[in-house]
Structure formats: structure tokens, C-alpha cells
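Undergrad: show me the folded form of this:
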Amino acid sequence: MRKPTALFTIAVILLSISSLPATATDAQLPPGSNMIVGSALSFSVSPPLREMAVCPGTPASVPSSVEARRTLTAPNFEGIGLAEIAGDNCNMAQQQIADDDSGAVGPKHYVQVVNISLAVYDKAGNRLAGPIATSTFWANQPDCFLGGVTISDSLVIYDRHADRWVISRPGVAGGPDGLCLAVSVTSDPTGRYYQYAFAINTEANGLANLPSDYPKISTWPEFYLATALPNRIYCGVGDTVSAFDRAAMLAGDRAPGYVTFFVPAPVPGDDSPDCVIPPFFVAHTHMLPADLDGKQLPPAGAPGYIVQVQDENWGFPAGRLQIYEIHVDWTDPSSATLIPTTSLTPETFNSNPCPWDNGSGLSCIQQPEGPAVDASAWGAMMYRLSYRNFGSHQTLLFNHTVAADGDPSHRHSGIRWYELRSSKTAPWFIYQQGTYAPDENDRWLGSIAMDRHGDIALGFDVSGANQYPSIHYASRRPSDPLGQLPREEVSIIEGHGAQITSFPWGDYSQMTIDPTDDCTFWYTNEYYPKTTNPDRWHTRIAAFRFSECHARENPDE
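TA: Residues are numbered from 1 along each chain as shown. Next up is the predicted model:
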């Protein structure tokens, strides 16, 4: 139900940099930063997801006899594939679009969202609902349905401390210039969802009509967080950081509050809605919000954390890791602050795996056949920024795609990963970092997480002149040398096909940790079992754990 216009009040508060309660010497937001405060534009409640029409327009999926025999021993099963959602009922009509894999695990379910469709599985891999078009899922929400808009940048996370599911996509008022968030009414992901539309790009903050591209969401005790790129990922004007009243949304409040900060890019970008005005300025900047893993909550009063990779090759003064703290008091949201605090200098990196000429040169991931594919959102931090509190210290873990040896002319893609640490109130520091590129193959589209034992797993796509795109992961134990992922690289599934057209490869993958044991990693990504014309990508969902992570050992309690 749309709220009356009078209730949709946005207050604009320009940030006075000198008045920020900064504690670090470099704690400044760039000129032009601003903040808006408001409440949800509209609210609806969806029908039960399990009752929604599936993509081919057939009754709800029934597991095959093979699927029914699956056990929990080592889940490794097919997710949504393009062939089953390429039809009018999924609003695809044989279009070729990237898959954009997102998936999250809960106590009994795994939910996968693949750009314009979603599905729910039990933990043995049996499909319980879907695939359902995101347009069907959001059909009750007029500001999120978006008619024929098919590319949705959708995501799903599991809020373990509320036992709820959260699904997002760009939306609002006929175009993707805001953000839509759906929160499950109960712990059952196949049930109903509270659905909210938030206008985060508005005239008030100077971003009206700009698409809210590449949004990334997370959960924190006081709020749900989201970062996004006004306009397009390669020519946006900066970043938005939004906080949404989590408690109100969990309760089904029709008008939960939110705040949105806008942080301009260091180089003026093309601010046209379709990113087409010459000379195609590239203002590439990206942030991620910390997403809470583990049983232990952050220390009392801890802010939400945002990390930004600042690459001097994209217009920043230097290669840095900038940490921001966001504070929101929902009794007085206009007092919210976004404070840049610790600024860290990592080892030298270049976010361009291939030569970049300000508008082309995007594809250099090799395949045994077909054209080179794009490196999927270069310069962007890959989802998620995982946070864990061990009591003695806190960690932030993230990754991004880089030139393997720092030289884009070599056209060799690797993955830079970091673990940041902080002890209680001490500043964050780089505890370890490394670039994973163990051979001549390209690795990209990473997602990284840590179990409660401190084991780390990095999932990714790998491809090369003699290697079809496949899904692998690399790992380390806490006793391994810092900055290394020395354990044998493991194949989740080997690809036997190539992408033969030039449409984008998926923009992200997702690694999450099972809340039932805080040891089992669940990962989803894209591959091709065979080469087809037209291209028909597949997705895979797999789980694994390390033997050292035992139920009796729980260092984060």
C-alpha cells in the first residue's frame, strides 16, 4: 500500500565536515557529501512465496527421484540455470543476461537469487519453491515491480539473530533509482514477506532519476545496511550508504525510517541516466557494508562498518583501504553520522586486470573457445564484507579482482584478499593480505568468509586457455603463514563449456556460513557444463567444512 505523500517527508542535512565527531586525523568526507532522512515510500505484504507461479508457469517444483535421494553428506547440487528461466513468465524471453549469483544458508534452507529469479532449497538440495521471477515476487509492491525491467541486481542474506531472510533489488517509482527490501514474516523463506520501497536517490540529495546500481546489503544489530552506486558501475558519481530501521522492518512497521549518505567519487563521472554522454568519464568507486557472521554480536555500542577500496588507478590520490563508521539513533535519525576513520595502506595493487581505455578493453578472461569474457565489475569489492567478533578481536574479511602481478598489460586476473583486525577500541589494521594467482589461469568473481575456528575459504571462477570456466575454492587454516592460501585448491565443479557471446559474465558470487554449526561454508557461482548457442549458463550450490572446526570448539562464545 502506498503511503500518502504527506507522510513521505525527507529532511536534507548537509554534512558540515568540521562538525563531524572525527577521531582520526584523516576523518573527512569529500566536499559535496550529504545525508537525507526519511521513511519507506511504500509497503506491502507478499503472498506466500511457495504459492507463487514458477518461471515456466507450471505448478510448484517436485523433486525428482534423484533429488529425493540426496543426503546432507556433501551437498553439491545444481542451482537455477538460464534454460529454465528463459521464458515469458520469467520476463526473460530468451534474453542473454548475466546470472549475478547470490545465495544464503539458514538452519534448514538455502535461498538462491539469480538476478531475475529466486528459489528455495532444503539443505540436501531438493528444491522446495521456484524458480520464481523477481517480477512475480515483487508483484504486490508497485514501486518494486518495475514492469519489464529484467536486470535486477538481486541479493539475499539470512539474519541469524532474528531468524529471518532479507531479499533486495533496485526499485522505486517506475525505475531502479531506490532500493527495495523484503523481510520474511517468519523464519520460513517460502512464506510471506514484508516488502518495502525506499527512495534513496532523490532531488534532495542531487541523485534523482539515477539508477541505484550494484546495491549490496548486510545485517547489523541496529539496522540493515546497503551500499550502492548512483548511475552505472563504471561511470557512477559516487556511493550511497543507507541504513534502515531493522527492528521496525522485522515488526512489519509500514513506515520504517532510513538515512542515506551520499559520498561523491574523486573524479566527476557521467551522470546521465544511461551513462552515454561523451567522453564517458569513469568515476569508479565502491564500498561494502559489514555483514555480521557468527553467534557473538559486536561490542555494545559498536558502529556499523563500511570499507572502501580506493585505487589510485581510478582517480583516488593513493591506493588505500578506507574504513567508515555509521551511527544511527532511530529516536533521532537526523543525528546520524558517517565518519571516515582508519585509512590503511595495503600492498600495491591495480584493479584493472586488463588494459583500460576509459570505455573499452573490458574482456580478457581467457577460455579454451569463444571470446574472452569480462572480469566482472573491476575495481568493485566482491560481496561480502564479512564481520566476525571473536571477543579478543574483531575481523573484517573481503576481496576484489586485480591484475595478478600489478600490470594490466599482462592480462592476467587474480584476487586480492584482506583480513583486517581490531582489538576492542583499537583502530583497525591489516592483519594479513595476499594476491591469489597460483598459475597462468585467471581467477575472478571471488567471495570470502571465515568460520568460527578462523579457517578462511575463498570461492571464485577460474578459467584459462586450457581451462573451461569452473568453480573452485582456496583456503587457509589459522596456523598457515599469513597472507597465503596454501591449501590445495579444490574444485566444486569443473566446467566443460564456454560463454560464446559477449554479454557480461555474472557480477558477483556469494560465500556464507551455516548458522547451525558456524563451520560449514556454502557457496554459489556460475559455470557452463557445455557450450551452447545461445549461451545457457548454469549455477552450482555447494557446501564444505574443515575438519579442525569442531562443535566443541567455539572461540567466538
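
Undergrad: identify the residue nearest F223 in space, chain neighbours excluded?
TA: Nearest non-adjacent residue to F223, counting by C-beta to C-beta, 6 or more residues apart in numbering: A243, 4.1 Å away. Every C-beta, even on glycine, is put in place using the N, C-alpha and C of the backbone.

Undergrad: how about low-confidence regions in the stretch 351-500 of the chain?
TA: 357-362, 377-378 (pLDDT under 70).

Undergrad: now do 90
TA: 352-364, 374-380, 423-426 (pLDDT under 90).

Undergrad: strands of the stretch 301-450 of the chain, start to end?
TA: For the stretch 301-450 of the chain, the strands defined by DSSP state E, counting those that start in this stretch cover 304-310, 320-327, 337-344, 363-365, 373-374, 381-389, 394-403, 413-422, 429-436, 442-450.

Undergrad: hang on, the earlier thing: after the helix or strand harbouring the residue nearest to F223, which helix or strand is next?
TA: Using DSSP states H and E, A243 sits within strand 238-245. Counting by DSSP H and E, the element after strand 238-245 in chain order, helix or strand, is helix 246-250.

Undergrad: and that next one, what does it pack against?
TA: strand 178-184, strand 223-230 (3 or more C-beta pairs under 8 Å, 6 or more residues apart in numbering; DSSP states H and E).

Undergrad: nearest to T520, out of the ones you listed?
TA: Taking C-beta to C-beta, strand 178-184 is the member of these nearest to T520, at 21.5 Å.

Undergrad: and the closest one, what other elements does it pack with?
TA: Under the contact criterion of 3+ C-beta pairs under 8 Å, 6+ apart, strand 178-184 touches helix 142-145, strand 164-171, strand 193-198, strand 212-219, strand 223-230, helix 246-250.

Undergrad: for that strand, which strands pair with it and how are they oriented?
TA: Next to strand 178-184 in the sheet, as set by DSSP bridges, lie strand 164-171 (antiparallel), strand 193-198 (antiparallel).

Undergrad: distance to P142 and mean pLDDT for these - can I get that in a markdown table?
TA: Below are these laid out as a markdown table (distance: least, C-beta to C-beta, whole Å; pLDDT from 0 to 100):
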| stretch | distance to P142 | mean pLDDT |
| --- | --- | --- |
| strand 164-171 | 10 | 94 |
| strand 193-198 | 8 | 96 |
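
Undergrad: just tell me which of the ones you listed ends up closest to N231.
TA: Among the strands paired with strand 178-184, strand 164-171 sits nearest to N231 (C-beta to C-beta), with 11.7 Å.

Undergrad: for the closest one, what is the distance to the chain centroid?
TA: In terms of C-alpha atoms, centre = their mean, to the nearest Å, the gap separating the centre of strand 164-171 from the centre of its chain is 11 Å.

Undergrad: that strand versus strand 238-245: what angle between them?
TA: Angle of strand 164-171 versus strand 238-245, following axes from the mean of the first three to the mean of the last three C-alpha atoms, to 10 degrees, is 140 degrees.

Undergrad: just how off-centre is stretch 544-551 within its chain?
TA: Between the centre of stretch 544-551 and the centre of its chain there are 25 Å (C-alpha atoms, centre = their mean).

Undergrad: and for it, what's in contact with it?
TA: 74, 451-453, 455, 457, 473, 475, 477, 490, 517-521, 523 (C-beta atoms under 8 Å, 6 or more residues apart in numbering).

Undergrad: switch to 6 Å and redo it
TA: D451, H453, D455, C519, T520, F521 (C-beta atoms under 6 Å, 6 or more residues apart in numbering).

Undergrad: burial count for the spatially closest residue to N533 that is not a sequence neighbour?
TA: Closest residue in space to N533, ignoring its immediate chain neighbours: I500 at 6.3 Å, by C-beta to C-beta, 6+ apart. Neighbours of I500 under the rule other C-beta atoms under 10 Å: 16.

Undergrad: element containing I500?
TA: Using DSSP H and E, I500 sits in no helix or strand.

Undergrad: so it sits against G370, correct?
TA: Yes: contact criterion C-beta atoms under 6 Å: I500 and G370 qualify, at 4.0 Å.

Undergrad: which residues touch S39?
TA: By C-beta under 6 Å, 6+ apart, the contact set of S39 is A255, G257.

Undergrad: where does it fall, phi/psi-wise?
TA: phi -130, psi 170 (degrees, to the nearest 10).

Undergrad: that one pairs with what?
TA: Bridge pairing for S39 - DSSP bridges - gives G257.

Undergrad: circling back: now distance to V113 and mean neighbour count too, for the strands paired with strand 178-184, in JSON lines please.
TA: Formatted as JSON lines, these follow (distance: least, C-beta to C-beta, whole Å; neighbours: other C-beta atoms under 10 Å):
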{"stretch": "strand 164-171", "distance to V113": "6", "mean neighbour count": "26"}
{"stretch": "strand 193-198", "distance to V113": "12", "mean neighbour count": "26"}
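
Undergrad: closest one to H412 among those?
TA: strand 164-171 (32.8 Å).

Undergrad: now do that closest one against strand 223-230: the angle between them, please.
TA: Using the same axes, to 10 degrees, strand 164-171 lies at 20 degrees relative to strand 223-230.

Undergrad: got a list of contacts for strand 164-171?
TA: If you take C-beta under 6 Å, 6+ apart as the criterion, strand 164-171 is touched by 111, 143-144, 146, 152-159, 176, 178, 180-184, 189, 197, 212, 215, 217.

Undergrad: hmm, back to that, mind checking which of the contacts of stretch 544-551 land in strands?
TA: Counted as lying in strands by DSSP state E, out of the contacts of stretch 544-551, are F521.

Undergrad: which of the contacts of stretch 544-551 tops the neighbour count?
TA: F521 (26 neighbours).

Undergrad: please report how far that one lies from M511.
TA: The gap separating F521 from M511 is 6 Å, by C-beta to C-beta, to the nearest Å.

Undergrad: ok, now G32?
TA: Counting by C-beta to C-beta, the gap from G32 to M511 is 35 Å.

Undergrad: these two: who's more crowded?
TA: Neighbour tally, G32 and M511, criterion other C-beta under 10 Å: the higher count belongs to M511, 28 against 14.

Undergrad: surely the more buried one is in a strand?
TA: Yes: counting by DSSP: H, G, I helix; E, B strand; the rest coil, M511 is located in a strand.

Undergrad: list the contacts for it?
TA: M511 touches S447, A449, G459, Y523, counting by C-beta under 6 Å, 6+ apart.

Undergrad: what pLDDT does the nearest residue in space to P31 that is not next to it in sequence get?
TA: Of all residues beyond its chain neighbours, the one nearest P31 is P264 (7.4 Å), with distances taken as C-beta to C-beta, 6+ apart. We have a pLDDT of 92 for P264.

Undergrad: so where do the helices sit in the chain?
TA: 65-68, 82-85, 134-137, 142-145, 246-250 (DSSP state H).

Undergrad: show me how far the third one is from its chain's centre.
TA: The chain centroid and the centroid of helix 134-137 are separated by 19 Å, computed with C-alpha atoms, centre = their mean.
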